[in-house]
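K.L.:
below is the structure, and that's it, no one-letter string:
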């Protein structure tokens with residue numbers, strides 16, 4: 001996208017953290033902003049702040065794990081602004097722990113919000129972007145946990161890997177329609193991700209919280225993370241430039257390279273496996289990520 005003035009951005013998890021930072025960045029570029037959040041009071045506070053900045057903003061209560069709620073938020077966006085151009089599927093939660101100890105509700109909650117929330121947002125808003133023919137952009141929030149998988153974070157990582165995969169595929173499908181897709185993979189950002197159980201829906205049950213006064217290593221890293229506003233600025237630049245991947249921590253590149261190196265080692269091992277000797281393979285030599 002090149003022209004943002006007067007266009008509309010819809011952002012889930014928009015009342016705080018990275019979502020609110022995106023709202024400020026897009027609003028500063030002249031966009032209308034529709035904030036969607038499951039927390040009503042923080043949503044009102046965020047709207048007040050945006051309006052003080054002379055940003056035209058509205059809000060809608062939205063549970064991204066509920067398809068009907070996302071569809072209602074889409075209708076509210078059109079009712080407020082007429083059109084929508086940028087959709088940020090940003091709302092996310094965190095769950096993890098030793099293998100075998102997680103409750104079914106932990107998995108269902110994480111998948112419902114982090115993965116299906118992105119699916120519902122994309123499916124609800126894509127027809128609306130297509131309808132005006134002016135192009136648009138989706139920003140799907142994954143994580144560096146969508147590129148590497150530290151032990152103990154499997155539910156979170158599984159959903160974030162899925163967001164990366166879906167974004168890559170959708171980018172290929174939608175490029176010809178002038179609809180861009182970016183996947184945001186931030187490192188440690190100073191947000192309230194470790195407090196995400198505060199928004200956990202009743203249908204997923206109450207989380208088991210271990211009693212501890214000392215923050216975990218992960219919590220310490222998040223608390224020392226970069227300012228969300230920096231991430232918001234990165235997202236704006238990426239949408240402007242139609243970037244597929246948005247990384248905020250270039251110093252984490254070695255961790256991704258280490259993973260890729262292990263993958264390549266697996267291919268090297270496969271090329272020498274006795275079980276594969278003499279097998280006539282018909283795999284295509286190039287698989288394009290763009291649907292041409």
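P.N.:
Okay, I see it. Please read all numbers here as calculations on a predicted model, not as lab measurements.
K.L.:
which of the residues in the lengthiest helix in the chain are buried?
P.N.:
Assignment by DSSP state H gives helix 154-174 as the longest helix of the chain. Of the residues in helix 154-174, 154-164, 166-167, 170-172, 174 count as buried by neighbour count, 16 or more other C-beta atoms under 10 Å. C-beta here means a position set from N, CA and C on the backbone, and glycine is covered the same way.
K.L.:
okay, now the sheet partners of the helix or strand just after that helix, with direction.
P.N.:
Counting by DSSP states H and E, the next helix or strand C-terminal to helix 154-174 is strand 179-185. Strand 179-185 has the following strand partners under DSSP bridges: strand 136-141 (parallel), strand 245-247 (parallel).
K.L.:
could you check the angle helix 154-174 makes with the longest one?
P.N.:
Which is strand 136-141. Counting by axes from the mean of the first three to the mean of the last three C-alpha atoms, to 10 degrees, strand 136-141 lies at 160 degrees to helix 154-174.
K.L.:
kindly provide the whole-number mean pLDDT of strand 136-141.
P.N.:
Per-residue pLDDT over strand 136-141 has a mean of 98.
K.L.:
could you say what helices and strands the longest helix of the chain packs with?
P.N.:
Counting contacts by 3 or more C-beta pairs under 8 Å, 6 or more residues apart in numbering; DSSP states H and E, helix 154-174 packs against helix 104-110, helix 116-132, strand 136-141, strand 179-185.
K.L.:
next, the angle helix 116-132 makes with the last one.
P.N.:
By that I understand strand 179-185. Orientation note: strand 179-185 sits at an angle of 160 degrees relative to helix 116-132 (the same axes, to 10 degrees).
K.L.:
so what touches strand 179-185?
P.N.:
With C-beta atoms under 8 Å, 6 or more residues apart in numbering as the test, strand 179-185 has contacts from 1, 18, 90, 126, 129-130, 135-144, 146-147, 160, 163-164, 167-168, 170-171, 174, 231, 234-235, 238-239, 242-248.
K.L.:
would JSON lines of the strands paired with strand 179-185 with mean neighbour count be doable?
P.N.:
Formatted as JSON lines, these follow (neighbours: other C-beta atoms under 10 Å):
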{"stretch": "strand 136-141", "mean neighbour count": "26"}
{"stretch": "strand 245-247", "mean neighbour count": "18"}
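K.L.:
any chance of these in TSV, with distance to residue 221 too?
P.N.:
Shown next, in TSV, are the strands paired with strand 179-185 (distance: least, C-beta to C-beta, whole Å):
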stretch	distance to residue 221
strand 136-141	18
strand 245-247	17
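K.L.:
and of these, who's closest to residue 117?
P.N.:
Nearest to residue 117, of all the strands paired with strand 179-185, is strand 136-141, at 9.6 Å by C-beta to C-beta.
K.L.:
and that closest one, how far out from the chain middle?
P.N.:
Relative to its parent chain, strand 136-141 has a centroid offset of 8 Å by C-alpha atoms, centre = their mean, to the nearest Å.
K.L.:
residue boundaries of the helices in this protein?
P.N.:
17-28, 40-52, 67-81, 104-110, 116-132, 154-174, 217-223, 228-241, 253-270.
K.L.:
tell me what angle the second one forms with helix 17-28.
P.N.:
Spelled out, it's helix 40-52. On the basis of the same axes, to 10 degrees, helix 40-52 is oriented at 30 degrees to helix 17-28.
K.L.:
what of the last one?
P.N.:
Our comparison of helix 253-270 with helix 17-28, counting by the same axes, to 10 degrees, yields an angle of 110 degrees.
K.L.:
ok, residues contacting helix 253-270?
P.N.:
Helix 253-270 is contacted by residues 144, 147, 148, 276 when judged by C-beta under 8 Å, 6+ apart.
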